[in-house]
Structure formats: C-alpha cells, structure tokens
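S.K.: based on what follows, work out the 3D shape:
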Amino acid sequence: MQPLKKPVLLMTSVLVAAGIIYLYLIRFVEKAQLQKNLMIWIIAIGVGLRIIMVFSTPILEDDYFRYFWDGAVTAKGMNPYTYAPQSVIEDDPNIPPALKELAVESGEVVKRINHPYLRTIYPPVSQGFFVVAHLLSPWKVFGWRFVLLIVDIINLILLLSLLRFFNLGPFWVAVYWWNPLLVKEIFNSGHMDILIIPFVFGAVLLLLKNRHLLSSVLLALAIGVKLWPVLLLPFFLKRIYPDYKRMILFFVVFALISVALFVPIRISGVDNTSGFQIYAKSWENNDAFFMAVVWMWEFILPAVGIHPGLGQFAGRITVLGILAILILFLILRKRENGTNFINQCLVIVAAGFLISPTQFPWYFVWVIPFLTMKRTFSLLILTALLPLYYLRFYLEPRGMVSLFNNGVVWFQFVPIWILLSRDWFNSRNKPVQLAR
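M.R.: Residues are numbered from 1 along each chain as shown. Down below sits the predicted model:
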C-alpha cells in the first residue's frame, strides 16, 4: 500500500484508545479483591489478545525481515555479522556462494530488510532465537510469533513467581499481561524485545534467592540479547555486598561469558557498515530529552570554537554521564532489601529509556515487567502516549516530519517528565517501597 493511503491515523487512534482503556482497567484491578475468577480472566484476556495478533498482518514495521535473514544465515553455519544484506543484493563477488543461494531461497525477504547497507546489530543470543524460528518455519512470520509466544508464557510464569516472592497479589501481572502496547509491538509488529525478559528477571529471581552463580550466567546472557542489562550489573553486585568472594565470582563469570558471546562480532570487524557502530554514533528517533541535550550542545560548542556537528557525540557522552551519576547515587545509598533492589533497577531502566537517543515504543517493553512490582502510573501512561510515534508514518510522506520532531515527540514525553517530577517531589520524605 502506498504511504499516503495507509490508515495510520485510524491505527494510532485505536492504539491510544486501547492504552486509555488499559490504564482504567489497571486501576480497576487495583481496587478488586483477589478472587480465582479474576485471575482466570486476567490470563484468558491476555492469551486472547496474543492469539488475535499472532494471526494478524504486521502493521508499519519490518524489523522481522532482518530476523528472518539472520536466523537463516546463522542456521547455515555462517557468521551473521560478516556481510551486510546489501552486499548480497548487489551480488558482490566476495560473497560466498552459499549466501547467494540463501538470498535466492529467501525470495523477497532479503530485499525488504531495512537499512540493508548495515550488518546486523542483534547480539548472539538473539541470533539463537532467530535460528529456532527459522528451523520451525523458514521465512514465515508465524514461526517467529510462535517463538515469541513461548517466551512470553515463560515471562508470565517468572513475573508470577516474583510477585509471590514479594508477597504481592498475582493479579498485578495484568500490568504486563494486558498491556496493549506490548501486545501490538511484539505479536503484531514482531519486535524481539521480550526475548530479554526471561534472562533479566530470571537473573533477578535467582539473585534474590541467593543463587548468585546462575544469576550471573543469566545476566550475561541477557546482554547477549540486548546490551542495556549491563547497567544493572552494579546493583546485582551491591545486592551481594559485602561478600567479596561471591562478588568477584559473579563479576568474573559475567565478564567471561559476555566476552565469549561477542567474539563473533569482534572477529567480523567494526567499521562504518557495522550496525553496532552506527547505532552508537548517530542513531536518533522519537527522542525528546536527548534532542534537547543536542540542541544545547549545538548552541554551546560554536561559542567555544568547536564545530556544532559534534553535538551528537557530546549529547551521547552527556546522557551516559547522567546514567553513570544516577547509578553511583543509587549504589552509594545504604544497603537495601529486595524490594528496593527492584526499585533501583526500575529507575535505571526507565531513565535509560527516557534519556536515550532512540525511544521507540517497543523499547518501553523493557520497563513494563518492573511495573508489575512497582506500579508507577506516571510511566504506565506511556502505554497511551507512545503510539503517537506512528504519526511519523502519516506526516513524513506529506513532507511534515518537522511537525513530528518539534511537536508530537514533545507531546509524548513532556507530560511524563512533569508527572515524574511531581512523584519525586511528593515522595522525597517517604520511604521507598513496593505497593502493598
């Protein structure tokens, strides 16, 4: 379908409305008494939403074509980090014959990969899931969605286990299981971001049960899905403190597995065709805070005789510095119990999302599981606001992308910053604890 004819406004309206209904229902769950029938309805509704999406047509997103290609390449025993899809499409003479044959076998898949001039950005553990999907159903979205569904069932069980550990009502799993943004981004759009949840929350649960060695293994595997869980490492080590031997063992196991996982990426080289390098240096989309930081640097740098083009680099250093200071501040606080450990992890993951150069709606999936244990309504509101990101697909074909960058983006995030500031102000003199 031509971009100008896509029903973007209708889809966005439906997603925003679904987010509003979800926020109301979560408030309803909060007031409801725990009954067996309530849990049956919570599970059944979430399952129903997922099944509907499993059989739906993907809307506006195409990242899964890269997953299909990576999975096929890896399943054939080749390094998915070596060649960019564009090289295969253009019949580069250096491309192995087996890879050319795979491109022919893929049909239109290799031609529909976005940013084909870049080598894949997805770490090795993610590639394992792509391989499983390929073996189940080569080049088909249904096989990939089946993998996602199995992982999501594991996520449900893990979150129920954590809620039980903290003596919280199991009905709070509805915060995750009913979230319409998650359901759309994972089971319709096919994004892979829930793959990280069993590793992160498996590591959390094992740590809380003093299974430190297994916890370190899972946390290392988590960065083999996405890199951001490395931000949680200081809090895992703090949880073990002052047992220095176990802290050292945890760190060494984590470091060894992490290094081993990224060997295939290192041996393929890091240059201007590396998705990792380009993403780290210049990727920016749907951001508010980071955009403001870059604007600030582009104003300051010329005043001190430095080219404003370095604003992107300075902005990235700034947000990394903010995260480092926040981590240090939380680490230096007195040793706290398991509930505050979860709170601190939530603060870092949410902060990482909110000040990131890329704030895609599917990245918010990383935050949602933490919100089952620490309901923060100011963050949950993003469920209804982040679908406004899709207005970009309406405005850009009409030459109005500046309206998105200078208007829609701010409408998504400014209310959240205001509400979070209010929450912080109101809670300064209150103890930090989980609800109920």
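S.K.: give me the below-cutoff pLDDT ranges for the protein.
M.R.: Within the chain, the segments meeting pLDDT under 70 span 1-3, 30, 32-36, 334-338, 428-436.
S.K.: do that again at 80, thanks
M.R.: Residues of the chain meeting the criterion pLDDT under 80: 1-5, 29-36, 333-339, 427-436.
S.K.: quick one: residues contacting Val270.
M.R.: By Cβ atoms under 8 Å, 6 or more residues apart in numbering, the contact set of Val270 is 276-277. For every residue, glycine as well, the C-beta is placed using N, CA and C.
S.K.: actually Pro264, sorry about that
M.R.: 79-81, 124.
S.K.: ok, and the most crowded of those?
M.R.: In terms of neighbours by other Cβ atoms under 10 Å, the contacts of Pro264 top out with Tyr81 at 27 neighbours.
S.K.: now do the SS call for that one.
M.R.: State at Tyr81, reduced to three classes by DSSP: H, G, I helix; E, B strand; the rest coil: coil.
S.K.: distance check, it against Thr120.
M.R.: 6 Å (Cβ to Cβ, to the nearest Å).
S.K.: same thing with Leu385?
M.R.: Taking Cβ to Cβ as the measure, Leu385 falls 30 Å from Thr120.
S.K.: next: Ala292.
M.R.: In terms of Cβ to Cβ, Ala292 sits 31 Å off from Thr120.
S.K.: closest to Gly46 out of the contacts of Pro264?
M.R.: Pro124 (30.1 Å; Cβ to Cβ).
S.K.: give me every residue that touches the closest one.
M.R.: So Pro124 contacts 224, 261-262, 264-265 (Cβ under 8 Å, 6+ apart).
S.K.: burial of Phe404, as a residue count?
M.R.: There are 18 residues near Phe404, going by other Cβ under 10 Å.
S.K.: check Ile113 too.
M.R.: Ile113, neighbours per other Cβ under 10 Å, totals 25.
S.K.: ditto for Val147
M.R.: For Val147, using other Cβ under 10 Å, the count is 21.
S.K.: assign a three-state SS to the residue of the chain most remote from its centre, would you?
M.R.: No residue in the chain sits farther from the centre than Gly305, which is 37.8 Å out by Cα atoms, centre = their mean. Following three-state DSSP, Gly305 is assigned to coil.
S.K.: now do Asp91
M.R.: Per three-state DSSP, Asp91 ends up coil.
S.K.: state the helix or strand in which the nearest residue to it once chain neighbours are set aside lies.
M.R.: Excluding the flanking residues, the one nearest Asp91 by Cβ to Cβ, 6 or more residues apart in numbering is Lys100, at 7.1 Å. Element membership of Lys100 [criterion: DSSP states H and E] is helix 97-106.
S.K.: and for that helix, what's in contact with it?
M.R.: With contact meaning Cβ under 8 Å, 6+ apart, helix 97-106 is reached by 68-69, 72-73, 76, 78, 83, 88-89, 91, 110, 138-139.
S.K.: biggest separation within those residues, which pair?
M.R.: Maximum pairwise distance among the contacts of helix 97-106 (Cβ to Cβ): 22.2 Å, between Asp91 and Pro138.
S.K.: between these two, who's got more neighbours?
M.R.: Neighbour count, other Cβ under 10 Å: between Asp91 and Pro138, Pro138 has more, with 15 against 9.
S.K.: dump the residue contacts of the more buried one.
M.R.: Counting by Cβ under 8 Å, 6+ apart, Pro138 touches 68, 72, 105.
S.K.: report the contact partners of the first one.
M.R.: Spelled out, that is Phe68. 106, 109, 130, 133-134, 138-139, 144 are the contacts of Phe68 under Cβ under 8 Å, 6+ apart.
S.K.: quick check on these: which are buried?
M.R.: Among the contacts of Phe68, the ones that count as buried by 16 or more other Cβ atoms under 10 Å are 106, 109, 130, 133-134, 139, 144.
S.K.: thinking again about what came up before, which of Ala292 and Thr120 has more neighbours?
M.R.: More crowded of Ala292 and Thr120, by other Cβ under 10 Å: Thr120, with 28 against 12.
S.K.: and that one, how close does it get to Val151?
M.R.: Separation of Thr120 from Val151 (Cβ to Cβ): 20 Å.
S.K.: go on, Leu323?
M.R.: Look at Leu323 and Val151: by Cβ to Cβ, they are 27 Å apart.
S.K.: correct me, but Phe290 touches Met296?
M.R.: No. In this structure Phe290 lies outside contact range of Met296 using Cβ atoms under 8 Å: 10.5 Å.
S.K.: who has more neighbours, these two?
M.R.: Per other Cβ under 10 Å, whichever of Phe290 and Met296 has more neighbours is Phe290, with 22 against 14.
S.K.: residues contacting that one?
M.R.: With Cβ under 8 Å, 6+ apart, Phe290 has these contacts: 284, 315, 319, 355-357.
S.K.: switch to 10 Å and redo it
M.R.: For Phe290, the contact set (Cβ atoms under 10 Å, 6 or more residues apart in numbering) comprises 284, 312, 315-316, 318-319, 354-359.
S.K.: what residue lies at the spatial centre of the protein?
M.R.: The centre of the chain sits closest to Tyr363, judged by Cα atoms, centre = their mean, with a distance of 3.3 Å.
S.K.: pretty sure that residue sits in a helix.
M.R.: Yes. Tyr363: assigned to a helix according to three-state DSSP.
S.K.: right, I'll leave it there.
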